[in-house]
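Trainee: What follows is a predicted structure for the sequence shown.
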Amino acid sequence: MHIFKWQNINVSNSVGLKILEKIRIYQVLKFCRGRILDIGCGYNNLIRNYTGEGIGIDVYPWEGVDIVVDNSSKLNMFHKEEFDTVCFVASLNHIPYRIDSLYEAYRILKKDGLLIITMIPSHIGKIWHFITEPFWGEGKKRKIQKGELGGLSHQMVLDMLKQCNFQLMKISQFQLGLNRIYLAKKGL
């Protein structure tokens with residue numbers, strides 16, 4: 001059983017979003033091990049609630065982010081095979097250069113390391129972002145980049161993992177099946 005330290009979840013003033021964020025973090029924390037890197041960490045809620053060592057990076061200076069980077073596919077500040085776990089928690093769809101970022105995650109992940117991705121399907125993401133954007137959406141705080149998507153289809157995630165030489169270990173659904181968690185390891 002994993003023990004969580006549940007820091008305050010910083011998302012917005014919306015109680016619903018805080019609950020969704022907690023559920024997402026709970027699902028990911030069950031699998032995190034060793035030193036972790038959260039790419040596209042937002043408010044850095046995953047790292048703040050992880051009981052081990054971790055770093056959260058993002059391209060936007062959200063409150064709580066550890067390191068602001070220009071590009072998540074160029075993480076030269078980290079050495080090859082430095083992390084036990086690399087996470088993209090509801091963020092891979094917001095990275096226009098997704099494949100390059102996954103290749104970089106592969107480089108910095110240890111040989112026995114774990115990649116964790118959570119993602120909503122693209123059709124659900126489009127609806128979700130359409131409804132929430134006027135009230136508390138990301139576009140109110142930062143400029144949405146060309147190439148960002150509301151979500152990624154299941155097949156898109158599988159294809160990207162394969163292209164970047166990750167071996168899929170497990171897929172499960174949560175939040176009434178609206179979210180998926182993908183667990184993968186480095187291929188040989």
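Mentor: Yep, it's here.

Trainee: Next, the distance between the ends of stretch 156-169.
Mentor: From its first residue to its last, stretch 156-169 covers 16 Å (CA to CA, to the nearest Å).

Trainee: Can you point out the buried residues in that stretch?
Mentor: 156-158, 160-161, 164, 166 (16 or more other CB atoms under 10 Å). Yep, even glycine has a C-beta here, placed from its N, CA and C like the rest.

Trainee: what's the average pLDDT for that stretch?
Mentor: Mean pLDDT, computed over stretch 156-169, is 97.

Trainee: ditto for stretch 47-67
Mentor: 95.

Trainee: residues contacting Gly54?
Mentor: 32, 35-38, 46-47 (CB atoms under 8 Å, 6 or more residues apart in numbering).

Trainee: separation between Gly42 and Leu168?
Mentor: 25 Å (CB to CB, to the nearest Å).

Trainee: Give me the contact list for the top strand by length along the chain.
Mentor: Identified as the longest strand of the chain according to DSSP state E is strand 109-119. With contacts defined as CB under 8 Å, 6+ apart, strand 109-119 is touched by 24, 27-28, 31-34, 81-90, 92-93, 102, 105-106, 151-152, 157, 161, 166, 169, 179-186.

Trainee: Partner strands of it, with direction?
Mentor: Paired with strand 109-119 in the same sheet, following DSSP bridges, are strand 83-89 (parallel), strand 179-186 (antiparallel).

Trainee: Of the ones you listed, flag the one that's most buried.
Mentor: Across these, the average number of neighbours (mean count of other CB atoms under 10 Å) peaks for strand 83-89, which reaches a mean of 25.
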